[in-house]
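Q: Structure for this input, please:
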Amino acid sequence: MAYATINPYTGEVLKTFADATDTEVGQAIGKAHQAFLSWKNVPFGERARILQNAADILRKNADSYARLLTLEMGKVVPEALAEVELSAAIFEYYVKHAEQLLAPEKLSVADPQEGEATLVHEPLGVLLAIEPWNFPYYQIARIIAPQLSAGNTMLLKHASNVPQSAAAFEKLMKEAGLPEGAFQNLYATRTQIETILNDPRVHGVALTGSEAAGAVIASQAGKALKKSTMELGGADAFVVLADADMEKTARWAVFGRHWNGGQVCVSSKRMIIVNEVYDQFVERYTAGVAALRAGDPFDAGTTLAPLSSQGAADEIKDKIAQAIALGAKATEVGPSVPNQGAFVQPTILSDLADDNPARYWEFFGPVSMLFRAKDEDDAIRIANDSPFGLGGSVFTSDTKHGADVAAKISTGMVFVNHPTMVKADLPFGGVRRSGYGRELLGLGIKEFVNHKLINIVDIDAPF
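A: Modelled structure (predicted):
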C-alpha cells in the first residue's frame, strides 16, 4: 500500500512513505499494551490535562495544521481551519465530561438481598482505528479523544493519501504529553491489519470508511471475537416540503452537497422535493451551484475544492456514466472546473426511475440526485428507500411539523432546516449499511469499555 502525499490540485508527488514492516507492527502492539498497563491507572484529571494540551496546541498552530489538510487532500482553507477547531473542541468536550460520563452507577435493585450493585466502566486495552482521508484530523480526534479519556490506548491506520496528517497527529499527542506508545501511527498494510486484529493484546477496532471496507474489517474482527464499530457510507436525504423558505433552503442545499468537495458521508446527496415547489427549488439550486468557484484550494476565493485524488475523480465520472447508461439524466451545472487538478464538474442526476440501481448509490463528490415527490408522504417514502441510514434533513417553515416528519425518516441523525451537522457535542452514527455503533458524547466513550458489575451481597447462604 503506497503511502504518499500527492497534491490533488497539481498532481505532484510531494513525499512518499514506506509501509510498516511486520517487526514494526509487532513492536507497536507491544508498546501500546505496555502503555495501557500504566495509562489505565492514570487519573482522569491527568488525562484531561493532556487532552487540553492537544487542543491548545492545535489552536496555537491552526494555520500550519490546516495547510497540511489543503496540501494532502485539497480541502479549501476555511474548511481546513474549521476542521482544526472542531478537533480541538472534541478534545475539550472530553476534558470537561469524561470523568462524569464514566462515573460508577449505583443500580436500583428490586430486592435488598440482591446487594449493593454498582456498574463501573473500565477500559479494554489496545484499540485499532482505521480512518479515511476526507477529514484527516477530525476522524482521528473523534475516536482517540474518548478512548484515551477512557484509559484505552490506540493504534492508527490512516488513509494512504494523508500520511503527513497522520504523522502530525502522532507528533501532536506526544507534544501534549501523552505517554510513549499510547497513540501510534502505523503505515500498515491490509495484511497487517488482520494480524493486528488477531493479536490477543488488541481488543477492538473502530473504522470509518466505505461499506466495502467495513464489511471486510467487521468480518475479520468478528472472526477474532473483537468488538467493532463501523461508520460507513451515506446518501443523506434533503427533504424539501411545500412551505419551506425556498431561498434559505436552496442555499443550504448548495452548501450541504458541496462542502469538502462533496466528499462527506453526511453531505446532502439526495434532494427530495415535493412536486409543488420542485421547479422553483431546482432553479434556485442550479443558480447557487453556478455561483461556486472551482480552483486552487489555497486561493481564498475558491469555494469548490478538487477531489482528494485523480483516482477519486475518475471513479465519480465513471459512476455518472453508468447512471446515464441505466436511464438517468445528467445535467452539468455550475462553473466550468479547471483542466488542472482532480476536479469533477458539478452534476445533477434526475429521472432516476424506481428500477434504476443508481438511485441507491453513494456519489462521493459534487453529484446531486434530485427526486420529484408527489407529496409529503411520497417524500418520506423516497427518503427511506435507501440502503443507507446515516443523516438527513427536512426543510419547512413549521419546525414542529418538521420534527414529526424527521421522526418518520429511518436514519441515525435528522436535522430540521439544516443539513446534517458534525459537532463536538452531538453524537454521530447510522443504521443499516451506514454501519453500527456511535461516536462522540457518552455513547462514544462507552463503546470500548467493560461495563462491569460489582455487587456487595452480605446474606446467609441457603444451605
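
Q: Name the residues of stretch 350-358 that are buried.
A: Neighbour counts over stretch 350-358 (16 or more other Cβ atoms under 10 Å) mark 352, 358 as buried. To be clear about C-beta, it is placed using only N, CA and C from the backbone, and glycine gets the same treatment.

Q: Could you shift the numbering so residue one becomes 532, and keep it that way?
A: That works, and once the first residue is 532, the last one we named lands at stretch 881-889.

Q: who touches residue 945 in this structure?
A: 922-925, 937-938 (Cβ atoms under 8 Å, 6 or more residues apart in numbering).

Q: one more time with 10 Å
A: 767-768, 770, 914, 922-925, 933-934, 936-939, 951 (Cβ atoms under 10 Å, 6 or more residues apart in numbering).

Q: With residue 737 instead?
A: Neighbours of residue 737 in contact, by Cβ under 10 Å, 6+ apart: 658-662, 670, 673-675, 677-678, 685, 748, 752, 758-762, 968, 970, 975, 978-979.

Q: for residue 757, same thing?
A: 655, 658-659, 727-731, 733-736, 749, 751.

Q: Check which helices and strands the helix or strand containing residue 706 is in contact with.
A: Secondary structure assignment for residue 706, by DSSP states H and E: helix 694-707. The contact analysis (3 or more Cβ pairs under 10 Å, 6 or more residues apart in numbering; DSSP states H and E) places helix 694-707 against strand 534-537, strand 544-548, helix 575-591, helix 593-604, helix 608-632, helix 669-681, strand 684-688, strand 714-716.

Q: buried stuff in it?
A: 694-701, 703-704, 707.

Q: okay if I get those residues as CSV plus distance to residue 855?
A: Converted to CSV, these look like this (distance: Cβ to Cβ, whole Å):
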residue, distance to residue 855
694, 36
695, 37
696, 35
697, 37
698, 41
699, 41
700, 40
701, 44
703, 45
704, 47
707, 50
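
Q: Show me how this protein divides into domains.
A: 534-764+957-985, 768-947 (automatic domain parsing).

Q: what's the first-to-last distance across the first one?
A: Translated: domain 534-764+957-985. End-to-end span of domain 534-764+957-985 (Cα to Cα, to the nearest Å): 46 Å.

Q: just the last one next, same as before
A: Separation of the first and last residues of domain 768-947 by Cα to Cα is 12 Å.

Q: Do a quick rundown of the helices in the stretch 832-981 of the chain.
A: Taking DSSP state H, counting those that start in this stretch to define them, one finds helices in the stretch 832-981 of the chain at 841-856, 907-915, 930-938, 972-976.

Q: Make a markdown table out of those helices and add mean neighbour count and distance to residue 591.
A: What follows is the helices of the stretch 832-981 of the chain, written out as a markdown table (neighbours: other Cβ atoms under 10 Å; distance: least, Cβ to Cβ, whole Å):
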| stretch | mean neighbour count | distance to residue 591 |
| --- | --- | --- |
| helix 841-856 | 16 | 32 |
| helix 907-915 | 19 | 43 |
| helix 930-938 | 15 | 39 |
| helix 972-976 | 20 | 26 |
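
Q: Residue 633 is nearest to which of those helices?
A: Nearest to residue 633 among these is helix 972-976 (6.5 Å), distances taken as Cβ to Cβ.
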